[in-house]
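Asker: Everything below, folded, please.
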Amino acid sequence: MKLRLFIAMWAGCVLTSCSLVSSKHPDVYGSLVVRYIDSEQRLQAYANYYEGDSLATARPKAWPGGVSILGSAMESRTLPNGEVRYSTERRMDFVENVSLRFTDELQKQHETRLVLKRLDDLALKTPASISSGLVLTYKGSPLTAGETLVLIFTDAQGYSYTSEVAGPLQRNEILLPARDVATMIPGQYQVYAVRKRSANEKDGRFTHHLEVEFYSRTATVEIQP
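Answerer: As a prediction, this is how the structure comes out:
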């Protein structure tokens, strides 16, 4: 009798289109960017989501409940190509941990945490000369694997020179050899740094590409021949 009852229940489930196995939901790909501009005490964040069997074929994805950052809702805007862009921009004190949250179709909440690493008191070790190379120091932790530091020098005429250094580094010093600064002209410069990190995180069907950027305050430096 028990076997017949189970067969009857299984047959009824098929006839009513229910399933003993939950249906598979497509993969979700998220692109998340968080940056902090220290001179303006401004936080900017952007998030886009896509759904499909692969990133190449994925289509824009929106969450009915939206996306929140640091406990507040992000603005949602549909772009001309159909992508849904979640964004926020606010003036606030620096925070190291920034969390984005959304709730999926199964009413499960997802949280992605991005870690900002600050950089203060950017300066040149003196004497600093183009012929011998430059050594920049800063207050903050050394670069780790996956991090880069982009240095932007701007001279009195408004011309900019850019150099990029990749981690990991042992100390919070950046060496720019003479060959890397040979095109610079001696004189006074305004310099600031962008500390960047990119990473991919996967959790089940969710894959997130994370970009984190910290823009330092500008320092005035003097470079000799």
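Asker: Which residue ranges make up the domains of the chain?
Answerer: 22-115, 120-202+214-223 (automatic domain parsing).
Asker: In the helix or strand hosting residue 154, which residues are buried?
Answerer: Element membership for residue 154 (DSSP states H and E) is strand 147-155. Neighbour counts over strand 147-155 (16 or more other Cβ atoms under 10 Å) mark 147, 149, 151, 152, 153, 155 as buried. Every C-beta, even on glycine, is put in place using the N, C-alpha and C of the backbone.
Asker: hey, where'd the helices end up in the protein?
Answerer: With DSSP state H as the criterion, the chain has helices at 2-15.
Asker: Helix or strand with the lowest mean pLDDT in it?
Answerer: helix 2-15 (a mean of 42; mean pLDDT, DSSP states H and E).
Asker: Could you point out the longest strand of the chain?
Answerer: Criterion DSSP state E: the longest strand present in the chain is strand 187-203.
Asker: Tell me which strands that strand pairs with, and in which orientation.
Answerer: strand 147-155 (antiparallel), strand 206-215 (antiparallel), strand 219-223 (antiparallel) (DSSP bridges).
Asker: who wins for proximity to residue 50 among those strands?
Answerer: Closest to residue 50 of those, according to Cβ to Cβ: strand 206-215, at 9.8 Å.
Asker: May I see the buried residues of the closest one?
Answerer: Buried residues in strand 206-215 (16+ other Cβ under 10 Å): 208, 210, 212, 213, 214, 215.
Asker: Out of these, which comes closest to residue 134?
Answerer: residue 215 (20.0 Å).
Asker: which residues touch that closest one?
Answerer: Residues in contact with residue 215 (Cβ atoms under 8 Å, 6 or more residues apart in numbering) are 35, 36, 37, 38, 39, 192, 193, 194.
Asker: out of those residues, which are buried?
Answerer: 35, 36, 37, 38, 192, 193, 194.
Asker: Could you check how far residue 189 is from residue 156?
Answerer: Note on residue 189: its distance to residue 156, by Cβ to Cβ, to the nearest Å, is 8 Å.
Asker: So for these two, which sits in the more crowded spot?
Answerer: Using other Cβ atoms under 10 Å, the more surrounded residue of residue 189 and residue 156 is residue 189, with 23 against 10.
Asker: May I ask you to confirm that that one is in contact with residue 181?
Answerer: No. Residue 189 lies out of contact with residue 181 (Cβ atoms under 8 Å); the separation is 10.5 Å.
Asker: Please enumerate the shared neighbours of the two.
Answerer: residue 223.
Asker: still on that earlier bit, which residues touch the strand holding residue 154?
Answerer: 117, 119, 136, 143, 160-168, 174, 176, 184-185, 187-197, 221.
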